[in-house]
Each structure stands twice: as structure tokens, then as C-alpha cells.
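Peer 1: Just need the structure, nothing else, for what follows:
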Amino acid sequence: MENIFNIFIKSIFIENMIFAYFLGMCSYLAVSKTLKTSIGLGVAVIFVMTVTVPVNYLINNYLLREGALSWLGESFATVDLSFLSFIMFIAVIASITQLVEMIVEKFSPALYNSLGIFLPLIAVNCAILGGSLFMQERDYETIGEATAFGVGSGIGWFLAIVAIAAIREKIRYSNIPKPLRGLGIAFIVTGLMAIAFMSFMGIKL
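Peer 2: The predicted structure follows:
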């Protein structure tokens, strides 16, 4: 249980998808103009990460990795389908993203319209795929650890986009030099926030 908690905290603060790896920057910068749309997209990312990482963990451990098909019989013990990881992971992510898009369109048309093309683009958000690939690389022992990593990574991405959206709303009326307005100041603030998040590396887990 303690290990699961450690993985959860690390994935939010120490190994934040935005501030540690700069994954998912396209939608992070494009949607973070207003707080409302940032919260909507952030919640969608949390849901997709929470579902896809454990599902891909099961697929990887019981279908793809070498020896994963041994439960079918001894003749399958040497089969290695790990070369299909990218295709299978992306297929799962695309399916869950489609489900999220349908739910948002049904229950919050205003949010659906404000998110625009960036909602279906969750399917190609490199932070989502990165979560599954990090899960595979780190070889978590249980599905609980993989789920904790997925939830934590989603929350970390949510915190990042909500924080930058709040800052961008505040500095919209500030006297920023003309060449830095828009994406320029957003990149600078993101870099400063990443430096600030480096302070969490001192947490002993």
C-alpha cells in the first residue's frame, strides 16, 4: 500500500508529465487560454489515463510480453507480441477517448464546443501514450501500482494545465512586452513552473 502511495505522489509532483517530461504540450498550450476549458480537458485526461493505463497493463502482461500467453498452453510460452505494443495501446486510448467525447457532447455541449478539435486529439496526446509506455518500461508488479501511476499522472497533467490557465488569465491584462505576448510568455511561465516543481524532487519516498 505504501508503494502505491509513493507511486501516486511521484507521478503527480516529481515525475509530472508536463513539468518533468514536457509531454502533451500541444493541447496544454492551446486549451489553457481559459480556466473553464482547462478544467474540462484536465478532467477528461484524468479519466482517460485512469482507464487506459490499467487496461494496457493487463494487455501487456497477459497478451503482449514474452511468455504472456503461457496461460493458453506450453506451446504459447515462447510467443512474444511486444512489437504490437504501440498499436494496441493507441487502439485502447482512441476507444476511451471516443467514449469521453460522446459523454462530454451529451452532458456538456458548451464545453464540447469550447474544447473543439482538442477533445478528440486526446487520442494522440503524447502524455496519454507516454503514461502507458512508462508503465510498460517500469514494469509495475501489480495492477494497483499501474492504476496509481495512471491516476497520478492524470492529476499531475490536470494541475499543470489549470495552473497555467489561471496564470494566463491573470497576466492577460499585464504590461507584457509585445514580442512575448501569447505563447512566448506561456513558454516562459511553463519553464519557471517546471523549475518550481523540481523542488519536489527533495521529497523522500
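Peer 1: Which residues does the helix or strand of the chain with the lowest mean pLDDT contact?
Peer 2: The weakest-scoring helix or strand in the chain, judged by mean pLDDT, DSSP states H and E, is helix 109-115 (a mean of 81). By CB atoms under 8 Å, 6 or more residues apart in numbering, the surrounding residues in contact with helix 109-115 are 31, 34, 36-37, 40-41, 101, 104-105, 119. Where you see a C-beta, it was placed from the backbone N, CA and C, and this is true even at glycine.
Peer 1: May I see the buried residues of the helix or strand just after it?
Peer 2: Downstream of helix 109-115, the next assigned helix or strand under DSSP states H and E is helix 126-138. Residues 126-136 are the ones in helix 126-138 that count as buried (16 or more other CB atoms under 10 Å).
Peer 1: contact partners of helix 126-138?
Peer 2: Applying CB under 8 Å, 6+ apart, the external contacts of helix 126-138 come out as 17-18, 21, 23-24, 45, 48-49, 52-53, 56-57, 60, 85, 89-90, 92-93, 97, 122, 146, 149-150, 153-154, 157.
Peer 1: The protein: strands as residue ranges?
Peer 2: Using DSSP state E, no strands are found in the chain.
Peer 1: pull the longest helix from it.
Peer 2: Secondary structure of the chain per DSSP state H: the longest helix is helix 143-171.
Peer 1: Quick one: list the elements packing against that helix.
Peer 2: Where contact means 3 or more CB pairs under 8 Å, 6 or more residues apart in numbering; DSSP states H and E, helix 143-171 is packed against helix 2-9, helix 25-31, helix 35-59, helix 126-138, helix 183-197.
Peer 1: tell me the angle it makes with helix 126-138.
Peer 2: Relative orientation of helix 143-171 and helix 126-138, computed by axes from the mean of the first three to the mean of the last three CA atoms, to 10 degrees: 150 degrees.
Peer 1: Tell me what angle helix 143-171 forms with helix 2-9.
Peer 2: 30 degrees.
Peer 1: Please state the offset of helix 143-171 from the chain centre?
Peer 2: Mean-position distance between helix 143-171 and its chain equals 8 Å (CA atoms, centre = their mean, to the nearest Å).
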